[in-house]
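**Student:** Please find the sequence and the predicted model below.
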Amino acid sequence: MSVTLETGWADVAGLEGAKKALREIVVLPFKRPDMFKGIRAPPKGVLLFGPPGTGKTMIGRCVASQCKATFFNISASSLTSKWVGEGEKLVRALFSVARLKLPSVIFIDEVDSLLSARSETEHESSRRIKTEFLVQLDGVATSSDERLLVLAATNRPQELDEAARRRFVKRLYIALPETEARLTIVKNLLVDMKHNLEEGDFNEVAKLTEGYSGADMRQLCAEAAMGPIRDIDNCSSMDIETIETEDVRPISLADFISAAHVVRPTVVSEDLEAYKIWDSKFGCLL
């Protein structure tokens, strides 16, 4: 649990459609509950789905920050227990504490492992935890004046239980960053680093990283930033232990080109197609 530090939409690169939707269906109702009543009442369950590394947790923090809400960042595994009955108690305790700390945002990462589709081989304890979570989610939904949001994230929306999917009324596809977003990510990551990249170089980096997630972009920048350090370490006339920081050469476009041969996109085209199909069936973004 954390009382969130200020996080703005500018901290989330790209995803303008998702940010606009979240502002409309979550942030504004939290700030002006008097205006969002009756048929305007906001959904109490929102699902963020898409490839890994696209910033779903950051979006959750941003939503909580914009709502001035207490942020509960929970992994599905933390709600399970080897002791019979303990999992349900943890779920009930989570929602009870969230109600004491209103306004609250409960963020559940990897929700598919908690609310997966039912099967004959499913363990009884898993079924009971799932049932308890859905009961609690129903309780949130029926309390229209309660400023509590359940925001869930998954990389595998196809594995969600149908009953759980229905309860997450709004389902938003968090896609891979587009060119402009990748450009922003690189600039943000290099803001405190010594580099000689100009606007054309940044554009070149953005172009050569088609298909990279936000996490891939961070890894790429980290790899490129090691270029100047490796040059020192490989040079017999320089000692990395004694060289002055200002004598280290700046990060260059060549470092990014080399890094791109090492850091490859982690999301495959088949997975992207599966996300798009699920989005066309169940997604709520226009």
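**Tutor:** Sure, I can see it.
**Student:** Contact partners for residue 46?
**Tutor:** By C-beta atoms under 8 Å, 6 or more residues apart in numbering, residue 46 lies in contact with 22, 25-26, 149-152, 168-172. Just so you know, the C-beta spots here come from the backbone N, C-alpha and C atoms, and that holds for glycine as well.
**Student:** Selection in PyMOL covering whichever of those residues are buried, please.
**Tutor:** A single PyMOL command selects the buried members of the contacts of residue 46 (16 or more other C-beta atoms under 10 Å):
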select buried, resi 22+25+26+149+150+151+152+168+170+171+172
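**Student:** Quick check: closest non-adjacent residue to the most centrally placed residue in the chain.
**Tutor:** Centroid-nearest residue in the chain, with C-alpha atoms, centre = their mean: residue 56, separated by 1.2 Å. Leaving aside its chain neighbours, residue 56 sits nearest to residue 153 (4.0 Å; criterion: C-beta to C-beta, 6 or more residues apart in numbering).
**Student:** Would you mind confirming that that neighbour makes contact with residue 112?
**Tutor:** No: counting by C-beta atoms under 8 Å, residue 153 sits too far from residue 112 to count as a contact (9.3 Å).
**Student:** who has more neighbours, those two?
**Tutor:** Shown here are residue 153 and residue 112; by other C-beta atoms under 10 Å, residue 153 has more neighbours (25 against 21).
**Student:** Mind checking what helix or strand follows the strand or helix carrying that one in sequence?
**Tutor:** Here residue 153, judged by DSSP states H and E, is contained in strand 148-154. Heading C-terminal from strand 148-154, the first helix or strand you meet, by DSSP H and E, is helix 162-167.
**Student:** Which other helices and strands does that following helix contact?
**Tutor:** Identification of packing neighbours for helix 162-167 by 3 or more C-beta pairs under 8 Å, 6 or more residues apart in numbering; DSSP states H and E yields helix 124-142.
**Student:** Can you check the distance spanned by stretch 74-93, start to finish?
**Tutor:** Taking C-alpha to C-alpha, to the nearest Å, stretch 74-93 runs 13 Å from one end to the other.
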